[in-house]
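K.L.:
sequence and predicted structure, then a few things I'm wondering about:
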2 protein chains.
Amino acid sequence: MARLVMKFGGTSVADIDRIRNVAHHVRREVEAGHEVAVVVSAMSGKTNELVGWCRAAAPLHDAREYDAVVASGEQVTSGLLAITLEGIGINARSWQGWQLPILTSNAHGSARILDINGAELIKRFKERKEVAVISGFQGVHKDTGRITTLGRGGSDTSAVAIAAAIQADRCDIYTDVDGVYTTDPRVVPRARRMDRIAFEEMLEFASLGAKVLQVRSVELGMLHKVKIFVRSSFDKPEDIDPHGTPPGTLICDEEDIVEQQTVTGIAFSKDEAQISVRHVPDKPGVAAAIFGPLAEASINVDMIVQNVSADGATTDLTFTVPSADFQRSVDVLNKSKAAIGFDHIDGSIDVAKVSVIGIGMRSHAGVAADAFKALAGRGVNIRAITTSEIKFSVLIDAAYTELAVRTLHSLYGLDK
Amino acid sequence: MARLVMKFGGTSVADIDRIRNVAHHVRREVEAGHEVAVVVSAMSGKTNELVGWCRAAAPLHDAREYDAVVASGEQVTSGLLAITLEGIGINARSWQGWQLPILTSNAHGSARILDINGAELIKRFKERKEVAVISGFQGVHKDTGRITTLGRGGSDTSAVAIAAAIQADRCDIYTDVDGVYTTDPRVVPRARRMDRIAFEEMLEFASLGAKVLQVRSVELGMLHKVKIFVRSSFDKPEDIDPHGTPPGTLICDEEDIVEQQTVTGIAFSKDEAQISVRHVPDKPGVAAAIFGPLAEASINVDMIVQNVSADGATTDLTFTVPSADFQRSVDVLNKSKAAIGFDHIDGSIDVAKVSVIGIGMRSHAGVAADAFKALAGRGVNIRAITTSEIKFSVLIDAAYTELAVRTLHSLYGLDK
């Protein structure tokens, strides 16, 4: 007997037929003797419809009202799944964020979960063999009692937070892919599904655009040591042995991974723009003068490269931003030109970031050097480099992205 | 300065353009200095869509889950209207049934409102000049904290209950007709809109199929002395003088009606079936033996006619049921044939009930006699008659409905 959280996204509950398929997945686990809490998203398309109405109603809308409107999508799905489960003989009830309650911060539209009391759910597992069907993505503000939402992809975070609250043995994320791959299989057909990946590595994957899981859900899993299992919702429920090992990727603690590879995978992002600020004075406070205004404008700065000044007087500073924010970033900096004291700005939106990820890098020297050599051998010019303990990233011309990813994927022995 | 409840049904909030129109109605009242609570239904079609999904999920579904699903429709509208109001500079916030809270009984799907605390809304009228936008149709069970709904048309009831809770001066029901008519204008083009009608009369109209208002909302208005004003939501907001007397019908106490007519209007229903139980023993308990089983089968019996026995041994008993329940009623009775002891059953679904309504009848003799004479003059055969203090009804062949309604409408001087 195990205690499980099962999370299903929008495409898995897009219509009544798919909700029925979800119910059969749940029944399989219940019949195997497990205690189950299910977390559901809105039917696919519904959230966009609701958001569209809010925008049409007023361009600048109160986030508290926006939350009340969009949270209704998950409410519908949780009720429908509870009905479907009862229809096939499984005891179930739906829970809205305010009913459990899932207490959150006041940051409407992107609230953070503060507390979930799992005691009532556990009591009902024991006393009534009742499946809890919980609306993802939503909560309630602890003081005002108003509906909050966690932001896009928040249902993953709901699922992991609930798993922590009820001390679940595992949090199964059913999604439209059957796991986490060493890189995007559309770019590298020989990409492999990983059986296991450490939380730290997954964080790098998630934040680098491998859109399998919300970053916050992985952080939360790492913090509370919740094992997260990414698996396919398209597998036929009746084909799965509840006592066997289904295909998927387990995101877990580093120590639960027996055979640690040096490099786990290659991530990349084409949604990058490079900005170089030329001839800034090489003195304390200049980085703050540059990144302060950008932060105020809510622009997300990623790679930052500042080299040691050659002349001791001025230096160049390069960083990346999402390509959609390129022009706005340049405008923000030009407004602060006098305060920063730079000579000019140049940049490009035709760049891509390719990252090599692996906890094993910590103990292996020369991993990055191999990459630079291999990329040079293919004629790929490296614009900038950043490194951290478990990954390094290179900024290159966007046109070379696929070539670079394939080259590195082979280099580190990740091809199947 | 007055305190108003404004209620808008599904067609009035069917899309963002209509919600904007509603917002302008609200602004007109706010700018006239009034304190306003708005009650909204789901966008038209939404409730049917949600109900359809529940039915598709499982034919026999838990009413508590059904309520969670269908209540989401009103949640969306209240949030969108609050956004729209704020977009045009009106302070507003949405309220779900569980937030106010609107406490109800446990009868999911057709719950009754038990209590609404209006103090918080009144405080916000005073302190923040804030418009309350309240989801109609829904509440929360006082003990379990689960979402309840009031049944079809429940938003009217929500509106009147809220008006009572905040001691509103008036409850405006915006609808797709501009008031209550002396009879259906599609049948009698010369039907007039009434300026005022007493609660007791409106109850007869509402329950007789003039589908302007939910019966329960009128009962509640009568109980709490809430003036209900039925008016059109299609009038252009800017054409209405908030200090003038807009077109519509005020439902009020009898004593507020200065010039009381003998007959106020003619109601009719074609959705009737007649059942006659022949030669039942004329002894105590026989009515209970007939109507007990029908009540258990949830069949709504309307007119009941039992004549004094001619031979002192047996009698005939006639009653009406909704035509959709005709066959089921006959089946129920035949099952109890031995217990009741009747000879046989006959009946017809081709019948209609025509009712003449007016508080003034109490003090005027001969009102019914005039009708019988006029109908006889037109060759309309009366199958059965029932009377109450303020109305009488005749059961006739359905084919004569329009003729009978027009005849009576002229007879009592109701033509314009």
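P.N.:
Structure received.

K.L.:
distance of A:Ala57 relative to B:Lys129?
P.N.:
21 Å (CB to CB, to the nearest Å). From N, CA and C alone the C-beta is placed, and that goes for glycine too.

K.L.:
ok, those two, which is more surrounded?
P.N.:
More neighbours surround A:Ala57 than the other of A:Ala57 and B:Lys129, with 24 against 14 (other CB atoms under 10 Å in any protein chain shown).

K.L.:
which residues touch that one?
P.N.:
Contact analysis of A:Ala57 by CB atoms under 8 Å, 6 or more residues apart in numbering or on different chains lists B:Ile16, B:Ile19, B:Arg20, B:Leu80, B:Leu81, B:Ile83, B:Thr84, B:Gly87.

K.L.:
buried residues in the helix or strand encompassing A:Gly52, which are they?
P.N.:
A:Gly52 belongs to helix A:46-57 when assigned by DSSP states H and E. If you call a residue buried by 16 or more other CB atoms under 10 Å in any protein chain shown, then helix A:46-57 has these buried ones: A:Lys46, A:Thr47, A:Leu50, A:Val51, A:Trp53, A:Cys54, A:Ala56, A:Ala57.

K.L.:
return the set of buried residues in whichever helix or strand comes after that helix.
P.N.:
Sequence-wise, the next helix or strand downstream of helix A:46-57 (DSSP H and E) is helix A:63-70. Across helix A:63-70, burial judged by 16+ other CB under 10 Å covers A:Ala63, A:Arg64, A:Glu65, A:Tyr66, A:Asp67, A:Ala68, A:Val69, A:Val70.

K.L.:
contacting residues around A:Phe372?
P.N.:
Contact analysis of A:Phe372 by CB under 8 Å, 6+ apart lists A:Ile382, A:Val394.

K.L.:
which stretches in the stretch 201-350 of chain A count as strands?
P.N.:
A:228-232, A:249-252, A:265-281, A:304-306, A:314-322, A:344-357 (DSSP state E, counting those that start in this stretch).

K.L.:
picking up where we left off before, just among the contacts of A:Ala57, which is most surrounded?
P.N.:
Neighbour counts for these, by other CB under 10 Å, peak at B:Leu80, which reaches 32 neighbours.

K.L.:
and that one, how far from B:Lys123?
P.N.:
Distance from B:Leu80 to B:Lys123, counting by CB to CB: 25 Å.

K.L.:
check A:Ser269 too.
P.N.:
51 Å.

K.L.:
ok, and the closest non-adjacent residue to the residue in the stretch 101-250 of chain A positioned nearest to chain B?
P.N.:
Nearest residue of the stretch 101-250 of chain A to chain B (CB to the nearest CB) works out as A:Gly145 at 6.2 Å. Excluding the flanking residues, the one nearest A:Gly145 by CB to CB, 6 or more residues apart in numbering or on different chains is B:Gln99, at 6.2 Å.

K.L.:
any idea of the pLDDT on the one you found?
P.N.:
Per-residue pLDDT puts B:Gln99 at 97.

K.L.:
was I right about it contacting A:His141?
P.N.:
No - the criterion here is CB atoms under 8 Å, and B:Gln99 misses it with A:His141 at 11.3 Å.

K.L.:
pull up the residues of the stretch 51-200 of chain A that are close to chain B.
P.N.:
By CB under 8 Å from any CB of the partner chain, the residues of the stretch 51-200 of chain A that approach chain B are A:53-54, A:56-62, A:64-66, A:68-69, A:71-73, A:75-76, A:78-84, A:86-87, A:93-94, A:96, A:98-99, A:145-147.

K.L.:
roughly how far out does stretch A:89-106 sit from the chain middle?
P.N.:
Distance of stretch A:89-106 from the chain centroid (CA atoms, centre = their mean, to the nearest Å) equals 23 Å.

K.L.:
if you could redo that for stretch A:115-122, that was the one I meant.
P.N.:
Distance of stretch A:115-122 from its chain centroid, counting by CA atoms, centre = their mean, is 25 Å.

K.L.:
list the contacts of it.
P.N.:
For stretch A:115-122, contacts defined as CB under 8 Å, 6+ apart pick out A:35, A:37, A:95, A:100-103, A:132, A:142, A:161-162, A:164-167.

K.L.:
determine which two of these are furthest apart.
P.N.:
A:Glu35 and A:Lys142 (27.1 Å; CB to CB).

K.L.:
of those two, which one has the most company?
P.N.:
For the pair A:Glu35 and A:Lys142, the greater number of neighbours falls to A:Glu35 (23 against 14), based on other CB under 10 Å.

K.L.:
the nearest residue to that one once chain neighbours are set aside: what's it in contact with?
P.N.:
Sequence neighbours aside, A:Phe125 is the residue nearest to A:Glu35 in space, at 4.0 Å (criterion: CB to CB, 6+ apart). Contacts for A:Phe125 were tallied using CB under 8 Å, 6+ apart; they are A:Arg3, A:Glu35, A:Ala132.

K.L.:
mind redoing it with 10 Å?
P.N.:
Contacts for A:Phe125 (CB atoms under 10 Å, 6 or more residues apart in numbering or on different chains) come out as A:Arg3, A:His34, A:Glu35, A:Val36, A:Ala37, A:Gly118, A:Val131, A:Ala132, A:Ile166.

K.L.:
and what about the fifth one, helix, strand or coil?
P.N.:
Put plainly, it is A:Ala37. Here A:Ala37 takes the strand state, with states given by DSSP: H, G, I helix; E, B strand; the rest coil.
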